[in-house]
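Q: structure of the sequence below:
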Amino acid sequence: MLNFYSLYSGSTGNSLLLQSNNTNVLIDSGVSAKKIVDALEDVNVPITEIDAILVTHEHSDHVQSLGTISKKYNIPVYANSKTWDAMKIQKDKIDSSNIKHFKTNEIFEIKDLSIHSFSIPHDAADPCRI
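A: Reported below is the predicted structural model:
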């Protein structure tokens, strides 16, 4: 079973939760860490149960709290190489063991989820949808 929650969506910030029976993945973290923690609690998912964060692109309304959340809660972050290169400030906050790469248009796995990212047109380094 899959559950999908829109925690925040809009020009002021974006964050989604994808949940399977065994995995919780945050897609983007474009609002403050506190707002994300509170929104997750509203859907009964403690931040400590997040298995990974996926990044669709480097704009601040998608990565505002990325480094803070990953560092504070020791959460792996997945992004494609060009996106990693374009978000140096956030990347510098993340422990190197939590920096994970995926290739756009290829399938990768996080626990029991198979994830297929694909390219989209947008004014970013290498934007994708998950």
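
Q: all contacts plus neighbour counts: C-alpha atoms, from now on.
A: Fine.

Q: next one: the closest residue to Thr48 other than its chain neighbours from Thr104, what distance?
A: Sequence neighbours aside, Tyr73 is the residue nearest to Thr48 in space, at 6.5 Å (criterion: CA to CA, 6 or more residues apart in numbering). Tyr73 sits at a distance of 26 Å from Thr104 (criterion: CA to CA, to the nearest Å).

Q: tell me which of the two has more neighbours.
A: Thr104 (19 against 12; other CA atoms under 10 Å).

Q: wait, that one touches Ser119, no?
A: Yes. The pair Thr104 and Ser119 qualifies as a contact (CA atoms under 8 Å) at a distance of 6.5 Å.

Q: the helices in this structure, which residues?
A: 33-42, 60-63, 66-73, 81-86, 88-93 (DSSP state H).

Q: ok, the nearest residue to Ile99 once chain neighbours are set aside - contacts?
A: The shortest distance from Ile99 to any non-neighbouring residue, by CA to CA, 6+ apart, is to Val77 (5.5 Å). Contacts for Val77 were tallied using CA atoms under 8 Å, 6 or more residues apart in numbering; they are Ala52, Ile53, Leu54, Val55, Ser70, Asn98, Ile99, Lys100.

Q: surely the fourth one meets Ser65?
A: Read it as Val55. No. Val55 is not in contact with Ser65 according to CA under 8 Å; the separation is 11.5 Å.

Q: so for the two, which sits in the more crowded spot?
A: Between Val55 and Ser65, counted using other CA under 10 Å, the more crowded position is Val55 (26 against 20).

Q: pLDDT wise, what is the more buried one at?
A: Val55 is assigned 96 on the pLDDT scale.

Q: check Val45 too.
A: In this prediction, Val45 carries a pLDDT score of 97.

Q: would you map the strands across the chain?
A: Taking DSSP state E, the strands of the chain run over residues 3-8, 15-19, 24-27, 52-54, 77-79, 99-101, 107-110, 113-116, 118-119, 128-129.
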